[in-house]
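Novice: structure, please.
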Amino acid sequence: LTAGDVDKILALCAENEQFYRYHPPLATRESVLEDMTALPPEKCAEDKHYLGFFDGETLIAVLDLIERYPKNDTAYIGFFMTKKERQGYGLGSTFIGELMDELRRERFRKVRLAVDRGNPQSKAFWEKNGFALAVAPVGRCAARRCCGGHAASRMRARNPDGSEFTPSRSRVPARTLRAR
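Specialist: Numbers count the residues shown, from 1 in each chain. A predicted model of the protein is given here:
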């Protein structure tokens, strides 16, 4: 995605009211532009992927991924959101399944993310896709620039037996939509 896609990103974010109930404030043009390039300490632009998934010209999902963070064998999902009208049909799970396949091919051993405490929709989505809460909560969100540090919990991908997840072949169908 580029700065030219900000209006599409804002429209997608604006319709996802439940997310912003737990992760205030609402996205703004400035916060989206900042998020598109924001990096953790000691990371470089080559490690950041801010992707949009399109059906024709319609943006239907956004993904922010940092490779090799916080360790070299780990990928970190900073943000994932699908268009509200497309939720509940398996589209987000398809995208995440394909992401896991790609991370496996790239030899990542771990995938991590944070979810807003108390957001049942986010927690259920990630658990459905093989993630489990880590032992200790993150505490406050590191994104103080946008939200003042809301409460968050760390999640990591897990195998059914509870062991650390190694991305493996997903059971979702091949993508029929395109990412850019």
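
Novice: all contacts plus neighbour counts: C-alpha atoms, from now on.
Specialist: Noted.

Novice: how distant is the longest helix anywhere in the chain from the center of its chain?
Specialist: As assigned by DSSP state H, the longest helix anywhere in the chain is helix 91-105. Chain-centre distance of helix 91-105: 11 Å, with C-alpha atoms, centre = their mean, to the nearest Å.

Novice: what helices or strands is the helix or strand following that helix leaning on?
Specialist: Following helix 91-105 in sequence order, the next helix or strand is strand 110-116 (DSSP states H and E). The contact analysis (3 or more C-alpha pairs under 8 Å, 6 or more residues apart in numbering; DSSP states H and E) places strand 110-116 against strand 74-82, helix 120-128, strand 151-157.

Novice: deepest of these, which one?
Specialist: Highest mean neighbour count of these: strand 151-157, a mean of 21 (counted as mean count of other C-alpha atoms under 10 Å).

Novice: in CSV: the helices and strands packed on strand 110-116, plus mean pLDDT and distance to residue 17.
Specialist: CSV is the format used below for those (pLDDT from 0 to 100; distance: least, C-alpha to C-alpha, whole Å):
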stretch, mean pLDDT, distance to residue 17
strand 74-82, 95, 11
helix 120-128, 92, 12
strand 151-157, 58, 18
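
Novice: nearest to residue 56, out of these?
Specialist: strand 74-82 (15.1 Å; C-alpha to C-alpha).

Novice: centre of the chain versus the closest one, how much separation?
Specialist: 2 Å.

Novice: which residues does it contact?
Specialist: 12-13, 60-70, 92, 103, 108-114 (C-alpha atoms under 8 Å, 6 or more residues apart in numbering).

Novice: that strand vs helix 91-105, what angle?
Specialist: 160 degrees (axes from the mean of the first three to the mean of the last three C-alpha atoms, to 10 degrees).

Novice: circling back to that earlier point, what angle do the longest helix of the chain and strand 110-116 make?
Specialist: Going by the same axes, to 10 degrees, helix 91-105 makes 150 degrees with strand 110-116.
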